[in-house]
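Participant: Give me coordinates for this.
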Amino acid sequence: MEERAAERYEIMQLSHLYARGLDRFDPLEALSAFSDDAVWDATAVGLDRFEGREKIREFFERDAASVADQFHIITNHIVEFDGPDSAHGTNYVFSEGHAASGAKFRAAALNEDTYVRTASGWRIASRAISPLTPPELEGLDV
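Facilitator: Prediction:
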């Protein structure tokens, strides 16, 4: 039971590492939460879907270059284990900020994740982001 609690905590920290990396405009820190073959899919909130670390990194870099300020609050984690090296879960994210152009954006969304244990520890294998309320993305271009 203690081992699973520690693993659950490690998995939850991935979302916080991701958010901190985005908010510090550090694409590599945000990317460090993901497995090599990860999928990041935000088509449901008006963004794109990216497969593999390279494509995800490129998106995070474009985001960092086009955003003036932003924050992400991630909460309400649920993690369920599917086996010794795989799990799935959900968490809520609230994000707000401004594009370099001055446009404001705001979104409350649900992250639906799968997780995989790698040689480097647990990582996000897939993240699908869907809106909880209508996203406000006017003028955001990433």
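
Participant: number of nearby residues for residue 100?
Facilitator: 11 (other C-beta atoms under 10 Å). All C-beta atoms are positioned from the backbone trio N, CA, C, and that covers glycine.

Participant: repeat for residue 34
Facilitator: Burial of residue 34 is recorded as 26 neighbouring residues (other C-beta under 10 Å).

Participant: Strands of the chain, start to end?
Facilitator: In the chain, strands defined by DSSP state E lie at 34-41, 49-51, 67-83, 86-99, 104-118, 121-131, listed in chain order.

Participant: what helices or strands is the first one leaning on?
Facilitator: So the one you mean is strand 34-41. Packed against strand 34-41 by the contact rule (3 or more C-beta pairs under 8 Å, 6 or more residues apart in numbering; DSSP states H and E) you find strand 49-51, helix 53-66, strand 104-118, strand 121-131.

Participant: so which of the ones you listed gets nearest residue 34?
Facilitator: Set against residue 34 and scored by C-beta to C-beta, the helices and strands packed on strand 34-41 come closest in strand 121-131, at 5.0 Å.

Participant: Just checking: what are the partner strands of that closest one?
Facilitator: Paired neighbours of strand 121-131 in the sheet (DSSP bridges): strand 34-41 (parallel), strand 104-118 (antiparallel).

Participant: As JSON lines, those strands with mean pLDDT and distance to residue 63 would be great.
Facilitator: Putting the strands paired with strand 121-131 into JSON lines (pLDDT from 0 to 100; distance: least, C-beta to C-beta, whole Å) gives the following:
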{"stretch": "strand 34-41", "mean pLDDT": "98", "distance to residue 63": "11"}
{"stretch": "strand 104-118", "mean pLDDT": "96", "distance to residue 63": "11"}
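
Participant: Could I get these in TSV, plus columns for distance to residue 66?
Facilitator: Rendered in TSV, the data for these read as follows (distance: least, C-beta to C-beta, whole Å):
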stretch	distance to residue 66
strand 34-41	17
strand 104-118	10
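
Participant: Of these, which is nearest residue 71?
Facilitator: Comparing the strands paired with strand 121-131 under C-beta to C-beta, the one sitting nearest is strand 104-118, at 10.6 Å.

Participant: What is the distance between that closest one and the centre of its chain?
Facilitator: Here the centre of strand 104-118 is set off from its chain's centre by 4 Å, with C-alpha atoms, centre = their mean, to the nearest Å.
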